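J.: Sequence first, predicted model second:
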Amino acid sequence: MRIDLHTHSTHSDGTDAPAALVDAALAAGLDVVALTDHDVMSGWDEAIMAARAIGITVVPGVEISCERDGRSVHLLAYLVDPHDAALLAELDLARSSRATRLTRMVDLLAAGGIPITQDQVAAQVPPGATPGRPHVADALVAAGVVATRDEAFRRWLADDSPYYVRHYAPDPAAAVALVRGAGGVPVLAHPLAARRGVAPTLALVEELAPLGLAGVEADHPDHDAAARRAVRAAARHTGVFVTGSSDYHGTGKRVRIGAERTDPDALAAIEALGTGSAVARP
Ligand code: AMP
Ligand code: ZN
Ligand code: FE
Ligand code: FE
């Protein structure tokens, strides 16, 4: 069974609509794909309907933006109740703060002489989508200022750039409680993804495991072999399972869907623990 548990659609900063994303998953030979847009669950219905029609399984999920010590931490949440009031309120807050923050970043970029306008950025955010820095990058690509999202991040959009603005995000410990409260299964995303100027750490796995963290991403495009081994060791030590996922963003990143995969045992653990919604099988 080929399983990819972390992907993004046009409901956040991916470039495939949910139906196109499940088509791509099938074409890549996957049996199971999770849709995990940033801070939003609005893509689930389209993904599940399209997946049923073509015969592939969907795990509904969401990637919650968290923050600890001024540093961004991503928590994947599978099988949450999409109507849980506390979870929805937190995601709403995150999305509205993201919108304000993107406006401020565009103001700073324009004031810094980078030729970009609010309208050009707004044109890159699909209606209802969670706005993010990749949409600013897309506007810069569309305007011919840079060639790729990656170039825009390298030049102006990284966390340590003078144009970076933070947005509201819950602490990861609070987010784990929120996810469990919504019947979901919390999995720490890419804990050792290299971010310039930041010392990657697995301390959060140790801290969050007793609070209900269920798993941690080991195989991820931003983890090298040593990072993957370190994550596996921390997972064994704390009793959480490991996952492997592409973090596919369509054409927004180079990685192909299904490039990293999760062991069926981890999916079984997710399904055994999650009570807020169900894995959608054809
Ligand atoms: P934000 O959520 O607005 O803070 O932006 C973070 C998003 O940007 C994440 O989804 C990352 O996957 C994406 N991202 C970070 N660095 C890059 C890069 N170099 N190229 C493309 N996307 C990136
Ligand atoms: Zn993203
Ligand atoms: Fe992430
Ligand atoms: Fe992601």
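T.: That came through fine. Numbering: from 1, shown residues only. Ligands and ions are numbered 1, 2, ... in the order given.
J.: Could you use CA atoms for every contact and neighbour count after this?
T.: Fine.
J.: how far does the helix or strand in which Ser72 is found sit from the chain's center?
T.: In this structure, Ser72 sits in strand 71-78 according to DSSP states H and E. Its chain's C-alpha centre and that of strand 71-78 lie 7 Å apart, by Cα atoms, centre = their mean, to the nearest Å.
J.: does any bit of that strand sit next to ligand 1?
T.: No - interface with ligand 1: strand 71-78 contributes nothing (Cα under 6 Å from any ligand atom), its closest point being 7.8 Å away.
J.: If you count contacts, what does that strand end up packed against?
T.: The criterion is 3 or more Cα pairs under 8 Å, 6 or more residues apart in numbering; DSSP states H and E, and the helices and strands that strand 71-78 contacts are strand 57-68, helix 172-181, strand 185-188.
J.: Out of these, flag the one nearest ligand 1.
T.: Each of those was checked against ligand 1 via Cα to the nearest ligand atom, and the shortest separation belongs to strand 57-68, namely 7.2 Å.
J.: what about the helices in the stretch 1-150 of the chain?
T.: For the stretch 1-150 of the chain, the helices identified by DSSP state H, counting those that start in this stretch occupy 18-27, 44-54, 85-111, 118-122, 133-142, 149-152, in order along the chain.
J.: wait, does the fourth one make contact with ligand 1?
T.: So that's helix 118-122. No - on the criterion Cα under 6 Å from any ligand atom, helix 118-122 is out of touch with ligand 1, staying 12.5 Å away.
J.: quick one: buried residues of that helix?
T.: Neighbour-count burial for helix 118-122, counted by 16 or more other Cα atoms under 10 Å, picks out Gln118, Gln120, Val121, Ala122.
J.: now, which of those residues sits nearest Ala227?
T.: Taking Cα to Cα as the measure, Val121 is the one of the buried residues of helix 118-122 closest to Ala227, at 34.9 Å.
J.: Show me which residues of the protein sit near ligand 1.
T.: Within the chain, the positions lying close to ligand 1 (Cα under 6 Å from any ligand atom) are Gly132, Arg133, Pro134, Arg149, Asp150, Phe153, Gly252, Lys253.
J.: Give me the buried subset of the residues you listed.
T.: Of all these considered here, the ones buried according to neighbour count by 16+ other Cα under 10 Å are Gly132, Arg133, Pro134, Arg149, Asp150, Phe153, Gly252.
J.: Retrieve the pLDDT associated with the second one.
T.: So that's Arg133. What the model reports for Arg133 is a pLDDT of 98.
J.: Can you tell me the element the residue lying closest to His190 once chain neighbours are set aside falls in?
T.: Once flanking residues are discounted, His190 sits nearest to Glu217: 5.4 Å by Cα to Cα, 6 or more residues apart in numbering. When elements are assigned from DSSP H and E, Glu217 belongs to strand 215-219.
J.: Nice, that's everything, thank you.
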